[in-house]
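Trainee: Here's a sequence, model it:
(one chain, ligands or ions: 1)
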Amino acid sequence: MGRYSLKLTVMKKIVFATHNKNKLAEIRNILKNYDVVGLRDIGCETDIVEDGDTLQDNAKIKADFVTNNYHLNCFADDTGLEVEALDGAPGVYSARYAGEGCSYHDNVVKMLAAMKGKTNRKARFRTVIALNLDGKQYFFEGIVNGKITEEEHGDGGFGYDPIFQPDGFEETFAEMSMEVKNKISHRGRAVQKLCEFLNI
Ligand code: ITT
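Mentor: Predicted structure coming up:
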């Protein structure tokens, strides 16, 4: 009888401090060597108040909440859509651009109205990730430049994806597969830096 050796690979667990299922799915698709768990998976139902003035502040608030209350390694991201003709708005207020409790579509409708007739449609998504690892804190940034389209295209993705067309592409993020979006997106780029740091 031949000899068999059993090689067990134990995936390292890391918390991604989010309640957003779309974001969790995107990150799991990138950080394939990690067991990435969300807030709900660690029994955290708290809606962490993101009242920082910057994306970095908010990412830090979310990551610190988990590390301080659950004593786990954790990372959190905060993302903003920054539109040149709107002086960088909605930026850190991207989630509630159309008001507290608004839907993704409310935000899209408000953005298209704010951009009506504007010729400068340059915009960028920016993500900042805060990582708390073994008692130290690190930050990573990812940016994708593009433009706000005149109308909605595609039904994939989430948030502002149907009206954001990245530079060098004819499609909006909502018309791309998750794989393609992850390769070039703000969050994808920030996570690639996180991966390089984690050495995977
Ligand atoms: P958590 O705080 O629970 O992580 P969130 O939905 O608040 O989830 P963010 O603060 O990171 O997410 O992002 C703020 C908003 O920016 C989000 O509600 C979306 O409207 C938009 N957004 C973020 N990432 C996006 C993406 O990849 N594509 C399109 N819109 C995005």
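Trainee: Now do the strands in the protein.
Mentor: 12-16, 34-37, 74-83, 90-91, 122-133, 136-148, 164-166 (DSSP state E).
Trainee: and among the ones you listed, the most buried is which?
Mentor: strand 74-83 (a mean of 25; mean count of other C-beta atoms under 10 Å). For glycine as for every other residue, the C-beta is placed from the backbone atoms N, C-alpha and C.
Trainee: hey, C-alpha coordinates of the lowest-mean-pLDDT helix or strand in the chain in PDB?
Mentor: Ranked by mean pLDDT, DSSP states H and E, the weakest helix or strand in the chain is helix 21-30, scoring a mean of 87. Taking Å, rounded to 0.1, in the frame of the first residue of the first chain, the C-alpha atoms of helix 21-30 are listed here in PDB:
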ATOM      1  CA  LYS A  21     -23.100  42.100   1.800                       C
ATOM      2  CA  ASN A  22     -21.900  43.300  -1.600                       C
ATOM      3  CA  LYS A  23     -18.600  44.600  -0.100                       C
ATOM      4  CA  LEU A  24     -18.100  41.300   1.800                       C
ATOM      5  CA  ALA A  25     -18.700  39.300  -1.400                       C
ATOM      6  CA  GLU A  26     -16.200  41.400  -3.300                       C
ATOM      7  CA  ILE A  27     -13.500  41.100  -0.700                       C
ATOM      8  CA  ARG A  28     -13.900  37.300  -0.300                       C
ATOM      9  CA  ASN A  29     -13.400  37.100  -4.000                       C
ATOM     10  CA  ILE A  30     -10.000  38.800  -3.700                       C
END
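Trainee: Buried residues, it. List them.
Mentor: Lys23, Leu24, Glu26, Ile27, Ile30 (16 or more other C-beta atoms under 10 Å).
Trainee: Which of the strands of the chain sits closest to Glu100?
Mentor: Counting by C-beta to C-beta, Glu100 lies closest to strand 90-91 out of those; the figure is 13.4 Å.
Trainee: quick check, distance from that closest one to the centre of its chain.
Mentor: Distance of strand 90-91 from the chain centroid (C-alpha atoms, centre = their mean, to the nearest Å) equals 14 Å.
Trainee: and if you look at stretch 51-65?
Mentor: Centroid separation for stretch 51-65 versus its chain: 13 Å, with C-alpha atoms, centre = their mean.
Trainee: where in this protein is pLDDT low?
Mentor: The chain contains residues with pLDDT under 70 at 1-9, 199-200.
Trainee: any idea how far the ligand is from the closest residue to Leu194 other than its chain neighbours?
Mentor: Spatially, and ignoring its direct neighbours in sequence, Leu194 is nearest to Phe140 (5.1 Å; C-beta to C-beta, 6 or more residues apart in numbering). Taking C-beta to the nearest ligand atom, to the nearest Å as the measure, Phe140 falls 14 Å from the ligand.
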